[in-house]
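# just coords:
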């Protein structure tokens, strides 16, 4: 009697014990460190967020300092301010300062003489002693009884009189609760400003506990009510003025506790599941030989999609099952690969965007892909067997198309005319196809229509030439004026000096306008163009644009007629972008209008829209050019005695800015001759 070799039957118990021991060891070595890691990771992330807040706050303070310095410089250079100060018209000067302060969003504008006395002050909150500011720091501390106590300030001398300094222009921003709340909104962290450990301004309510005034640590933790905070300090100057950024970590700590609880519960669940799973493997090992027989039968009949799954505790049978399953999978993958390759071979040429044509040795078409049909507009059935010379007619040579086919591995651009009369520029590359038998060779052509690319290349070349010309003309004028000033400045009369300075100013203005348009156009092309809305008075934007363009208008003897309603509601707009729109339109009107002519700027209210028009007396714009007038690289195509072809960016920037504001642009004929450019803006209505 033959006995079957004894096979181990204790695999079930071995699997159960070893699996449970492995899971228990894994849970112990991974779970405990994970709990500690989670807690430390949350703390590190919280402190990292606080550090990011410190960096953001430092950048914001730096940005506000730069804004104040720029605003002080801009105010000191305003002609109206200089005129009012020289005329000692204090009432008008006070009103002007109030308007500047309210429009710029600062809390203080002061004019101080060289003796440290105040000439005129406009302040949202009272402040004494501001004229004692010595420019040693951008931060100024008011007297101890003043509120607010600390200020962010910038000063700019005013060279308004020949041979003498005018008063200093001091611009200030109060470090108060409003500023703290604004910093919180921008950084996401609570913001407190302290002086010698005592809070001066805070976004907290109630204020946080005071820190050690003698030596504030780089960071600290504290509680306000039931909320816990991580905080770090940012010294603002050397006088004890410190900004504290605080992150509320109460919810983070709660989340940390919840995650650790979930992790511990998950480890327990895994241990339980592992115990159950380790106790049941023996039940999953059965019916080996019958399953193998049925699987072999199915494979012999062509069924390769059904996986072979054998549950057995017999080692040899398990090996056979694995080998059979591996064979089935390999056969299935091989069959699938063959099918995919066939499908790929059948559809590859049809899916290629480029056109593919094969020619026999006589130059007749033997294959015409779907890409070739899309490019040429011809149907495959119409061209098979036809000569390539009949399908493609070269435009710039009398040579037939077959003579222009590039050698294998080379590429050539061929301007052609299709059979339907449509011109195109084809980028053609060729290859020689030789079958294994070595005869009946064919030529394969791969081509694509690059007409639009060539057009863009020509436009880009034209654009670069215009930009170079736009830069070279004012730079040449600037260089000539500077050389003249360097060589003959002592011998020039005031009138001649004024003319040279005006020429320099106009050159800088032209370069600045071109650079602004280049930057805006590149932002539009890159998808980074943004407008920043805020309540804006249209009158102020128009006045600033006119002030910028006035020297150019004076140079050509052109007068500006402004017709606007007495009261225009507030706009939600980006004043810098709208000023760029008006400067571009006024610059075009001056460029294409004759000398000593009038330029009209008008505004009207139409329901919930503000309609603004800029009209010139030039030759106008032909109707056939208006459709593409607001596209990039397009110029109006009209001319006057002093008009030159520009870069073709100004009107495209105008359209992008106006459309970003929700408005529209357009052009009409002016009744008395010339062109009238218009744009509309939505008006903010009180609800």
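Sure thing, it's come through. Just so it is clear, the structure is predicted and the values come from calculations on it, not from any experiment.
# Look at residue 329 and say how many residues are nearby.
When counting by other CB atoms under 10 Å, one arrives at 13 neighbours for residue 329. Glycine gets a C-beta too; all of them are placed from N, C-alpha and C.
# Okay, and it sits in which element?
Using DSSP states H and E, residue 329 sits in helix 315-351.
# gap between residue 408 and residue 431?
5 Å (CB to CB, to the nearest Å).
# And those two? Which one has more around it.
Neighbour totals were compared for residue 408 and residue 431, and residue 431 leads with 15 against 12 (other CB under 10 Å).
# tell me the contacts of the residue nearest to the more buried one when sequence neighbours are not counted?
Leaving out its chain neighbours, the residue that sits closest to residue 431 by CB to CB, 6 or more residues apart in numbering is residue 444, at 4.6 Å. Contact partners of residue 444, counting by CB atoms under 8 Å, 6 or more residues apart in numbering, are 356, 357, 358, 359, 430, 431, 432, 433.
# Now do the same for residue 444: its pLDDT.
In this model, residue 444 is scored at 80, pLDDT.
# How about residue 599?
Residue 599 carries a pLDDT value of 92.
# Bridged to it, which residues?
residue 560 (DSSP bridges).
# neighbours of it, just the number please.
24.
# I figured it was touching residue 562, is that so?
No. With contact defined as CB atoms under 8 Å, residue 599 does not count as touching residue 562 (9.6 Å).
# Let's test this: mean pLDDT of the helix holding residue 329, rounded?
On average, helix 315-351 scores 72.
# counting contacts, what elements does that helix pack onto?
helix 288-300, helix 370-376 (3 or more CB pairs under 8 Å, 6 or more residues apart in numbering; DSSP states H and E).
# I'd like the distance between residue 599 and residue 670.
Note on residue 599: its distance to residue 670, by CB to CB, is 11 Å.
# joint contacts of those two?
In terms of CB under 8 Å, 6+ apart, residue 599 and residue 670 are both contacted by the residues 615, 616, 617.
# Which of these fall within strands?
residue 615 (DSSP state E).
# any idea which of the shared contacts of residue 599 and residue 670 has the most stuff around it?
The most crowded member of these, judged by other CB under 10 Å, is residue 616 (28 neighbours).
# what sits against it?
Per CB under 8 Å, 6+ apart, neighbours of residue 616: 588, 589, 590, 592, 593, 597, 599, 670, 674, 675.
# now the shared contacts of residue 599 and residue 670 in CSV, with distance to residue 584?
Listed next are those as CSV, based on distance: CB to CB, whole Å:
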residue, distance to residue 584
615, 15
616, 13
617, 18
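# longest strand anywhere in this protein?
From DSSP E, the single longest strand across the chain is strand 423-433.
# So what touches that strand?
With CB under 8 Å, 6+ apart, strand 423-433 has contacts from 358, 375, 392, 395, 404-418, 441-451, 454.
# if you set the cut-off to 7 Å instead, what comes out?
358, 395, 405-408, 410-418, 441-451, 454 (CB atoms under 7 Å, 6 or more residues apart in numbering).
# same question, stretch 106-121
Against stretch 106-121 from outside (CB under 7 Å, 6+ apart): 71, 75, 85, 90, 93-94, 97, 100-101, 122-125, 127, 130-132, 165, 167-174.
# I'd like the next helix or strand past the biggest helix by length in the chain.
Counting residues, the longest helix found in the chain (DSSP state H) is helix 32-76. As assigned by DSSP H and E, the chain's next helix or strand after helix 32-76 is helix 79-86.
# how far off helix 79-86 does the very next helix or strand once past that next one point, in degrees?
Downstream of helix 79-86, the next assigned helix or strand under DSSP H and E is helix 90-104. Orientation check (axes from the mean of the first three to the mean of the last three CA atoms, to 10 degrees): helix 90-104 against helix 79-86 gives 150 degrees.
# what mean pLDDT does helix 90-104 have?
87.
# by contact count, what packs against that helix?
helix 79-86, strand 108-112, strand 118-123 (3 or more CB pairs under 7 Å, 6 or more residues apart in numbering; DSSP states H and E).
# So what touches it?
So helix 90-104 is contacted by 71, 75, 80, 81, 84, 85, 109, 120, 122, 540 (CB under 7 Å, 6+ apart).
# so how far is residue 108 from the fifth one?
Pointing back at residue 84 there. Distance from residue 84 to residue 108, by CB to CB: 18 Å.
# and if you look at the first one?
For residue 71, the distance to residue 108 (CB to CB) stands at 11 Å.
# Kindly report the same for residue 425.
65 Å.
# These two: which has the busier surroundings?
residue 108 (24 against 17).
# Pop the domain breakdown of the protein in here.
48-251, 288-349, 352-449, 456-523, 534-682 (automatic domain parsing).
# Least reliable of those domains by average pLDDT, please.
domain 456-523 - the lowest mean pLDDT of the domains of the chain, at a mean of 62.
# What degree of burial does residue 652 show, as a neighbour count?
Number of residues near residue 652 (other CB under 10 Å) recorded here: 22.
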